[in-house]
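Undergrad: Everything below, folded, please.
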Amino acid sequence: MIYTVTFNPSLDYVVKVDNFAVGEINRTQVENIYPGGKGINVSLVLQNLGLQSVALGFTAGFSGAEIERLLQEAGCRCDFIQAGQGCSRINTKIISDSETALNGQGPQLSKEELQKLFTKLQGLTQDDILVLAGSIPASLPDDIYEQILELLQPACTRVVVDATGDLLLKVLKYKPFLIKPNHEELGEFFGRGPLLNEEDILAAALKLQQQGARNVLVSRGADGAVLLDENGRQHMMASPKGKLVNSVGAGDSMVAGFLAGYLKTQDYEEALRLGVAAGSASAFKDWLATSDDIDKIILQGVTNK
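TA: Predicted coordinates for the structure are as follows:
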């Protein structure tokens with residue numbers, strides 16, 4: 001089974017407004033409410049690709065109940081821990097001539113609630129995959145990812161980590177199955193700006209692999225993706241042509257597509273192909289890609305570089 005963890009899920013209230021004016025009353029032309037959070041996005045796209053997962057994490061209050069309802073409506077299994085105080089955050093995104101976002105804080109989480117998550121994770125085995133994705137709320141210790149990977153070491157659970165900064169770098173020693181930085185984050189790891197050419201990307205990915213990561217998948221936006229797999233093979237895939245509509249969730253969709261492709265074929269080349277197709281399909285629409293969206297991208301052709 002695939003499990004995803006979202007420490008701070010959200011309800012994402014996304015509105016489109018013509019000529020948004022600060023300090024004035026603005027009326028929406030389009031509005032939608034989505035369940036949000038990187039792990040949740042992975043679960044939703046996996047479901048769209050025909051793979052079941054279990055969404056773990058923390059929810060609270062009326063907004064937390066709505067997050068779970070929307071996920072279940074989409075066919076996803078949930079096993080969230082109910083936080084005793086506060087409400088799950090509500091994020092507002094205003095799309096007009098430019099984009100404006102206002103993100104909530106989310107609930108305070110106690111040590112007892114965190115221990116409930118650890119207890120659930122202790123049941124994972126070597127046949128399971130765990131996806132840790134995104135930032136963590138301020139109420140949690142900053143080494144929470146490390147604690148989880150250390151907890152799972154005896155079980156040999158395959159772990160996917162999609163995070164920034166020390167959250168990712170400090171877990172490399174536990175040999176995660178997959179990490180997925182983007183080209184900007186990859187440069188930041190080594191005190192540089194965005195890495196734009198493939199030679200630099202592969203050199204940086206190799207350093208992360210030498211520190212412990214089994215597979216390093218680097219998303220490059222419109223330039224596709226690069227994968228350095230655990231067998232030492234380099235894979236480069238171009239992105240299909242299309243209009244960028246919404247980059248939020250594209251990286252999470254790539255993770256879901258990669259996992260779906262790998263589990264179905266056991267082939268890293270095909271995993272990368274489906275990952276790029278899923279990421280691109282989500283980038284070309286208002287929300288996450290469906291299986292039909294992804295199939296259309298595959299039919300157009302996702303090609304090696």
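
Undergrad: other SSEs contacting the helix or strand bottoming out on mean pLDDT in the chain?
TA: Ranked by mean pLDDT, DSSP states H and E, the weakest helix or strand in the chain is helix 183-189, scoring a mean of 85. Where contact means 3 or more CB pairs under 8 Å, 6 or more residues apart in numbering; DSSP states H and E, helix 183-189 is packed against helix 165-169, helix 198-210, strand 215-219. C-betas here are computed from N, CA, C, even on glycine.

Undergrad: Pull the contacting residues for the nearest residue to Thr157 once chain neighbours are set aside.
TA: The shortest distance from Thr157 to any non-neighbouring residue, by CB to CB, 6 or more residues apart in numbering, is to Leu124 (4.6 Å). Going by CB atoms under 8 Å, 6 or more residues apart in numbering, Leu124 touches 3, 130, 152, 155, 157.

Undergrad: neighbours of the nearest residue to Ile94 once chain neighbours are set aside, just the number please.
TA: Nearest non-adjacent residue to Ile94, counting by CB to CB, 6+ apart: Thr100, 4.4 Å away. As a burial measure, Thr100 scores 13 neighbours (other CB atoms under 10 Å).

Undergrad: Name the SS class of Thr100, please.
TA: strand (DSSP: H, G, I helix; E, B strand; the rest coil).

Undergrad: Likewise for Lys93?
TA: Applying three-state DSSP: Lys93 is strand.

Undergrad: which regions of the stretch 51-200 of the chain sit below the pLDDT cut-off?
TA: Along the stretch 51-200 of the chain, the model assigns pLDDT under 70 to residues 193.

Undergrad: And the strands in it, which stretches?
TA: 53-59, 77-78, 81-82, 89-95, 99-102, 129-133, 158-162, 178-179 (DSSP state E, counting those that start in this stretch).

Undergrad: Select, out of those strands, the one closest to Val42.
TA: strand 129-133 (5.2 Å; CB to CB).

Undergrad: my read: Gln153 touches Tyr174, true?
TA: Yes - using CB atoms under 8 Å, Gln153 is in contact with Tyr174, at 6.4 Å.
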